[in-house]
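1. Sequence plus the predicted model coming up.
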Amino acid sequence: MSNSSASILLQNLIQLSEPLRESLRKTPYSPPESHADVSIKSFLISLLPELSISGSDVRTKIKDFALCCAALASAPNATTEHLSWVPNSLSFSAVSAFEEFAKIYYDDSMHANCLMKVDGLELDLSGVTESEKRLIVDLMPGILTMLKGSVKESAIDASDESDGVSAASAKVPVAYAILAAYQFRWFVTQVDAPYIGKLCPLVIPCALTALDHWSPEVKGQGMISFIYLAKNVTAAEVGGYADVILDACCQNIASDDEIWHYVVEMSVLLLNLTQRSNPRSSWYEKLTNEMLNHLERQPRNKHRRISWLKHCEILFNGLGLVLLAHFRRLFPLFFKWMHADDDETVTLVLERVITVVRLAWIRNSPYIERLVDELVTLYKDAALKVAREHIRSLILQTLKLIRLCKRPEFDATWFKYKDDPNLTALMEVCC
């Protein structure tokens, strides 16, 4: 980059940064009581270029500007108190400023080449029309290295027995790791397929570092990033990282309630991506058993059961007939949840039961009689539920499937209900 080109870029960068700096200064901010010694607002302001900087700093200043915009852009969807003070208007301004700078950056003929080398990888970005997405890809090697370092600074050193959460926080305030995790997630989710797949060697190590952190807020952003990857890359692009990633999933099943829905979705998506053609993979067994362990310990935890029931359809489809090996643990949970107080749990568990019956055809199962009994009881109890019509419709579907695949056993069980006046609507289906 020539000196004149760098100088022009820098002046444009400063011009676009000034409104952000002014808005940041005017925005009310009080550090959280638990992190009173950290000012995220001051830190973000420090990332914006000053009028007095030299042209030789332009690449570094572009990265810092991008990091500031990423933090502000993350705020609308953030649950952390470290970004809750950022108004939506400031977030939108940051996105607009980044997009405007990217257009200026790629108007320069020196940066207009569609072939881009990123950390040794040559990417053809001719299909990317948005300048801001191209700039993100261009900046990712340097930025992800910085963010990974920020996360690691407050992580627990596994090799040091005396290094616990308090010791890690004392080294560097965890607020910076939380901010870095949000910035990382924003950068990753801005890159579309197929380009994000090419960047897996850069993205995956950083995401794993976030998962290894002790803070649920940092872990959560790493999980969201992996969920995005699982939906937008191929198994071949994950490559040799598959076992390491799935091991990290296992280690994180014990996560706090606030991020359990993320770890479940992440785990089932990554299992499906990397082990799709191998339902007898040890990873299917490990992760399924690990999730069931936690559900059995807390069967009345509404948040956990709903999160799992929402996402386990992919897991069940991946397991197929291998589901039979898990019946002794699945059905006791299903029977408990069928009679939960909330309609959402009841509806979800009935949908999953239908999937299990369809996939496994409940071969040689000792649960047929109990399942029919529980469904009949639920059919009667559904009269008092808001979603009674939908619940009863699902029960009918389930009974039809059971009757289809296990007619003799079903008929033997149903015989005791044939004269029940409360089951008249079921008689046409079940007799």
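-> Noted; the coordinates are in hand. Numbers count the residues shown, from 1 in each chain.

2. surely Leu309 meets Val349?
-> Yes: assessed by CB atoms under 8 Å, Leu309 is found in contact with Val349 at 6.0 Å. In this view, the C-beta of every residue, glycine as well, is placed from N, C-alpha and C.

3. and Leu20, helix, strand or coil?
-> helix (DSSP: H, G, I helix; E, B strand; the rest coil).

4. Quickly note the distance from it to Phe92.
-> 11 Å (CB to CB, to the nearest Å).

5. same question, Val356
-> On the measure of CB to CB, Val356 and Phe92 end up 46 Å apart.

6. the more surrounded of the two?
-> Val356 (25 against 13; other CB atoms under 10 Å).

7. Where does that one sit, in terms of helix or strand?
-> helix 343-360 (DSSP states H and E).

8. Give me the buried positions along that helix.
-> 345-350, 352-360 (16 or more other CB atoms under 10 Å).

9. what about this protein, any weak spots by pLDDT?
-> 1-3, 52-56, 108-121, 158-170, 363-364, 428-431 (pLDDT under 70).

10. center of it, which residue is that?
-> Ile224 (2.8 Å; CA atoms, centre = their mean).

11. what residues are up against that one?
-> Arg185, Thr189, Tyr262 (CB atoms under 8 Å, 6 or more residues apart in numbering).

12. Narrow those residues to those in helices?
-> Arg185, Thr189, Tyr262 (DSSP state H).

13. Can you give the distance from the helix or strand harbouring Ala70 to the centre of its chain?
-> Using DSSP H and E, Ala70 sits within helix 58-74. Centre-to-centre, helix 58-74 and its host chain are 24 Å apart (CA atoms, centre = their mean, to the nearest Å).

14. Helix 58-74 and the very next helix or strand once past it, what's the angle between them?
-> Remark: after helix 58-74, the chain's next helix or strand is helix 88-107, criterion DSSP H and E. Helix 88-107 runs at 150 degrees relative to helix 58-74, counting by axes from the mean of the first three to the mean of the last three CA atoms, to 10 degrees.

15. if we can go back for a sec, looking at the contacts of Ile224, which has the most residues close by?
-> Highest count within the contacts of Ile224 by other CB under 10 Å belongs to Arg185, 26 neighbours.

16. List the residues that contact the residue nearest to that one when sequence neighbours are not counted.
-> Distances taken as CB to CB, 6 or more residues apart in numbering put Gln221 closest to Arg185, at 4.3 Å, once the chain neighbours are dropped. By CB under 8 Å, 6+ apart, the contact list for Gln221 reads Ile178, Ala181, Tyr182, Phe184, Arg185, Ala210.

17. what's the distance between Gln221 and Glu265?
-> When Gln221 is compared with Glu265 (using CB to CB), they lie 14 Å apart.
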